[in-house]
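J.: I would like to see how this sequence folds:
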Amino acid sequence: MGFRLPRIVNAKQSLKRTLSFSESKVVPKGHFVVYVGEAEKRFVVPISILKHPSFRNLLSQAEEEYGFDYPMGALKIPCSEEAFIDLTCNLQAQE
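T.: Numbers count the residues shown, from 1 in each chain. Below is the predicted model of the structure:
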């Protein structure tokens, strides 16, 4: 059994707002775009996340599933939005 502290839940909600820039076409310096999940929701993530082995594992899965010739011009990540947000939240908390 697990429980969530309110601070962690609030941090995840804040991270959702920080990561997702689907309204804006501008990608800030030091960030890149990924599309996640069935609905291909657009997320802008910091380049620093690339150093984490678990994120690199997601990129390997994306390469196996989609290859590098993806027509949208950005990376598509083969996982649910919730799983992606959980992973990126945990990775950014480790920094």
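J.: break down this structure into its strands, ranges please.
T.: 31-36, 41-46, 75-77 (DSSP state E).
J.: now those in a markdown table, with mean pLDDT, mean neighbour count and distance to Cys89?
T.: (C-beta placed from N, C-alpha, C; glycine too.) Conversion of those to a markdown table gives the following (pLDDT from 0 to 100; neighbours: other CB atoms under 10 Å; distance: least, CB to CB, whole Å):
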| stretch | mean pLDDT | mean neighbour count | distance to Cys89 |
| --- | --- | --- | --- |
| strand 31-36 | 89 | 19 | 13 |
| strand 41-46 | 90 | 20 | 11 |
| strand 75-77 | 87 | 20 | 15 |
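J.: any chance of those in JSON lines, with distance to Leu87 too?
T.: Listed next are the strands of the chain as JSON lines, based on distance: least, CB to CB, whole Å:
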{"stretch": "strand 31-36", "distance to Leu87": "10"}
{"stretch": "strand 41-46", "distance to Leu87": "10"}
{"stretch": "strand 75-77", "distance to Leu87": "9"}
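J.: of all those strands, which one comes closest to Ser60?
T.: For the strands of the chain, the distance to Ser60 is smallest for strand 75-77, at 11.0 Å, taking CB to CB.
J.: who's in contact with the closest one?
T.: 32-37, 40, 58-59, 61-62, 66, 70, 84 (CB atoms under 8 Å, 6 or more residues apart in numbering).
J.: can you lay out those residues as JSON lines showing distance to Asn90?
T.: Output for the contacts of strand 75-77, formatted as JSON lines (distance: CB to CB, whole Å):
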{"residue": "Phe32", "distance to Asn90": "19"}
{"residue": "Val33", "distance to Asn90": "21"}
{"residue": "Val34", "distance to Asn90": "16"}
{"residue": "Tyr35", "distance to Asn90": "21"}
{"residue": "Val36", "distance to Asn90": "15"}
{"residue": "Gly37", "distance to Asn90": "18"}
{"residue": "Glu40", "distance to Asn90": "23"}
{"residue": "Leu58", "distance to Asn90": "13"}
{"residue": "Leu59", "distance to Asn90": "17"}
{"residue": "Gln61", "distance to Asn90": "17"}
{"residue": "Ala62", "distance to Asn90": "19"}
{"residue": "Tyr66", "distance to Asn90": "24"}
{"residue": "Tyr70", "distance to Asn90": "26"}
{"residue": "Phe84", "distance to Asn90": "11"}
